[in-house]
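[1] give me a 3D structure for the following:
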Amino acid sequence: MFLPSFSGLRATRRLAGALFVTSLVLAPPSASAQAGPDAMTKESAAVVKAAFLADLDVMRGKFIGLAEAFPPDKYSWRPMEGVRSVAEVLMLIASEGYGFAPTSLGGKAALSREETGALSKISDKAQVINHLTKSFAHAKQALEAIDPATLVGRRRAMGQERTTPEIVLFVAGDMHEHLGQLIAYARMNRIVPPWSK
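    Alright, predicted model coming up:
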């Protein structure tokens, strides 16, 4: 099991703090009393969406930086059998940018299920970096297009009814976990993450 890096935890805590403060500050008491404890205003939903987009931008830089730092011959490296290789972790994140991140809030996926499944087979460094770049760009464009008014209530995500802040924390938390995993892979291979230099 790999724990998230300190910087990954710091970013997740910042996102969690922003979401918590948003839910307290921007939801007027009268709206909360009428709509229940999970109600958000359009304004607070917009802040949550903006915080998620900002966090995705930070992760984009770190994932692409790590993808560039790993030499091509290390893309097939894995710490042991049964866990993802460097390329598989990176392509999992690409698949989340193409689908999981935007669709969790009602955005459109860029690829079909079959196309997304095929991503896990890609291990060429240039192709991996290309997909990472495109997937984060897609997630940003798809999320920016979402009207915050559609994010004020609960929605079905990951098999449960969840609030927008819960969904964002779930998705971002998953992606940060894989960032921590990849940082551990880098350190095990004596690769210094670019932002640590």
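[2] in stretch 148-155, what counts as buried?
    The neighbour-count check on stretch 148-155 (16 or more other Cβ atoms under 10 Å) flags 148, 151-152, 154-155 as buried. (Glycine included, C-beta is placed from N, CA and C.)
[3] narrow the residues you listed to those in helices?
    The members of the buried residues of stretch 148-155 all map outside helices under DSSP state H.
[4] what about these, which are in strands?
    Cross-referencing these against strands under DSSP state E gives Arg155.
[5] what's the spacing between Arg154 and Asp55?
    21 Å (Cβ to Cβ, to the nearest Å).
[6] oh sorry, the question was meant for Gln181
    17 Å.
[7] got it, and Glu114?
    Distance from Glu114 to Asp55, by Cβ to Cβ: 29 Å.
[8] those two: which is more packed in?
    Remark: of Glu114 and Asp55, Asp55 carries more neighbours, 20 against 7, as counted by other Cβ atoms under 10 Å.
[9] tell me which stretches of this structure form strands.
    155-157, 160-162.
[10] and for Pro194, nearest residue in space, chain neighbours not counted?
    Gly65 (4.1 Å; Cβ to Cβ, 6 or more residues apart in numbering).
[11] export the buried residues of stretch 148-155 to CSV and tack on pLDDT and distance to Lys42?
    Output for the buried residues of stretch 148-155, formatted as CSV (pLDDT from 0 to 100; distance: Cβ to Cβ, whole Å):
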residue, pLDDT, distance to Lys42
Pro148, 96, 5
Leu151, 95, 8
Val152, 95, 6
Arg154, 93, 15
Arg155, 89, 15
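[12] pull the most distant pair out of the buried residues of stretch 148-155.
    Greatest spacing in these, by Cβ to Cβ: Pro148 and Arg154 (15.0 Å).
[13] and for Gly82, the neighbour number?
    Residues within reach of Gly82, counting by other Cβ under 10 Å, total 6.
[14] over to Leu119?
    22.
[15] flag the shaky bits of the chain, pLDDT-wise.
    Applying pLDDT under 70 to the chain flags residues 1-38.
[16] longest helix anywhere in it?
    Scanning the chain for the longest helix, with DSSP H as the assignment, gives helix 42-69.
[17] OK, contacts around the residue nearest to Pro194?
    By Cβ atoms under 8 Å, 6 or more residues apart in numbering, the residues touching Gly65 are 193-195.
[18] what does Ser104 give?
    Applying Cβ under 8 Å, 6+ apart, the residues contacting Ser104 are 157-158, 167-168, 170-171.
[19] what's the distance between it and Ser76?
    For Ser104, the distance to Ser76 - Cβ to Cβ - is 30 Å.
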